[in-house]
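Student: Sequence and predicted structure below; questions after.
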Amino acid sequence: MSLMAMAATVALAAQEIVCPGAYGGHVQGIATDDDHNIYWSFTVAMVKTDKDGNLLAEVEAPTHQGDVVWVDGKLYCAVNLGAFNQPAGKADSWVYVYDDESLELLSKHEVQEVVHGAGGMTYHDGVFTVIGGLPGDHTKNYAYLYDEDFSFIERRDIESGHSHLGIQTACYLNGRHWFGTYDKEDSLLLCDDQHAFQRRLDINGSYGIAPWTEGHWLRATSTKGDERRTWGATALVEPIPE
């Protein structure tokens, strides 16, 4: 790595990035692209900033948006228009696809196999992993796999034990899947590239995790806005756990 590239990496790794503004519903997930732009998915809004938190675009969105992933110029967002964490038949699960420049909504894809409510997603090697809610009596989580046309491939069981309200966020990074939950302790689930459960970490990833620089990720946190029932978000640059 050149000295200039090393300096750029150090500069990126020294930041805490604040998303400007406040929105209805807390941040549900974040994504990054190859230029270190950041995409912030709030419950009812999608926001794009540059690496310093300068606003580039924003659009309103239907409730309830979830986590997002950026792939080749498009932003993919898990959306549930029905009930979360209920027995099969009450959710209405979709993936909405946005243009990564304008945030224009390009298409919608049903993912009704996600029967407890689509809440988050990630991508690896031509396959989208969609995750979501969980009824209180279930003792494992579920990963639903789709191809790039959103044809259903299969469901994989994650032998993690119960997680409160299922899995909220997903990120594929460093050859592993990272799943954020609302559990008060050991809330980050670590799985291998085939979704086999490995261990829990005491890290709150429930508001979103995304790639950043080599050896670092962005981990989102939620903040309250100035107006009642509004929320902002901050992304923390942190070393990726071993």
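Tutor: Noted; the coordinates are in hand.
Student: For Gly29, see how far away the most centrally placed residue in the chain is.
Tutor: In the chain, the residue lying closest to the centroid (Cα atoms, centre = their mean) is Asp67, at 3.2 Å. With distances defined as Cβ to Cβ, to the nearest Å, the gap from Asp67 to Gly29 amounts to 3 Å. For glycine as for every other residue, the C-beta is placed from the backbone atoms N, C-alpha and C.
Student: Kindly report the same for Thr129.
Tutor: 13 Å.
Student: any residues in contact with both of these two?
Tutor: Shared contacts of Thr129 and Gly29 (Cβ atoms under 8 Å, 6 or more residues apart in numbering): none.
Student: So for these two, which residue has more residues nearby?
Tutor: A side-by-side neighbour count of Thr129 and Gly29, using other Cβ atoms under 10 Å, places Gly29 first with 32 against 23.
Student: got the buried residues for stretch 226-237?
Tutor: Using 16 or more other Cβ atoms under 10 Å as the test for burial, stretch 226-237 gives 230-235, 237.
Student: so can I have TSV of these showing secondary structure and distance to Asp147?
Tutor: Formatted as TSV, these follow (DSSP: H, G, I helix; E, B strand; the rest coil; distance: Cβ to Cβ, whole Å):
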residue	secondary structure	distance to Asp147
Thr230	coil	38
Trp231	strand	34
Gly232	strand	36
Ala233	strand	31
Thr234	strand	35
Ala235	strand	30
Val237	strand	33
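Student: quick check, nearest of the residues you listed to Cys171?
Tutor: Proximity of the buried residues of stretch 226-237 to Cys171, judged by Cβ to Cβ, is greatest for Ala235, which lies at 12.6 Å.
Student: which ones are touching Asn54?
Tutor: Contacts for Asn54 were tallied using Cβ under 8 Å, 6+ apart; they are Pro20.
Student: State the phi and psi torsions of it.
Tutor: With angles defined as degrees, to the nearest 10, Asn54 sits at phi -80, psi 130.
Student: Relative to Glu104, how far out is it?
Tutor: Asn54 is 20 Å from Glu104, where distance means Cβ to Cβ.
Student: Then Ala91?
Tutor: According to Cβ to Cβ, Ala91 and Glu104 sit 26 Å apart.
Student: Same drill for the two, tell me which one is more crowded.
Tutor: Neighbour count, other Cβ under 10 Å: between Ala91 and Glu104, Ala91 has more, with 24 against 11.
Student: which regions of this structure lie under the pLDDT threshold?
Tutor: Residue ranges of the chain with pLDDT under 70: 1-14.
Student: Is Ala31 in contact with Lys74, as I believe?
Tutor: No - here Ala31 does not reach Lys74: they are 10.5 Å apart, not a contact under Cβ atoms under 8 Å.
Student: more neighbours, the two?
Tutor: Ranked by neighbour count (other Cβ under 10 Å), Ala31 and Lys74 place Ala31 first, with 28 against 14.
Student: could you list every residue that touches the more buried one?
Tutor: Contact analysis of Ala31 by Cβ under 8 Å, 6+ apart lists 38-39, 41, 68-70, 75, 208, 210.
Student: ok, now with 6 Å
Tutor: Contacts for Ala31 were tallied using Cβ atoms under 6 Å, 6 or more residues apart in numbering; they are 39, 68-70, 210.
Student: can you list these in JSON lines and add neighbour count and distance to Pro62?
Tutor: Shown next, in JSON lines, are the contacts of Ala31 (neighbours: other Cβ atoms under 10 Å; distance: Cβ to Cβ, whole Å):
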{"residue": "Tyr39", "neighbour count": "25", "distance to Pro62": "17"}
{"residue": "Val68", "neighbour count": "27", "distance to Pro62": "14"}
{"residue": "Val69", "neighbour count": "28", "distance to Pro62": "18"}
{"residue": "Trp70", "neighbour count": "21", "distance to Pro62": "20"}
{"residue": "Ala210", "neighbour count": "25", "distance to Pro62": "22"}
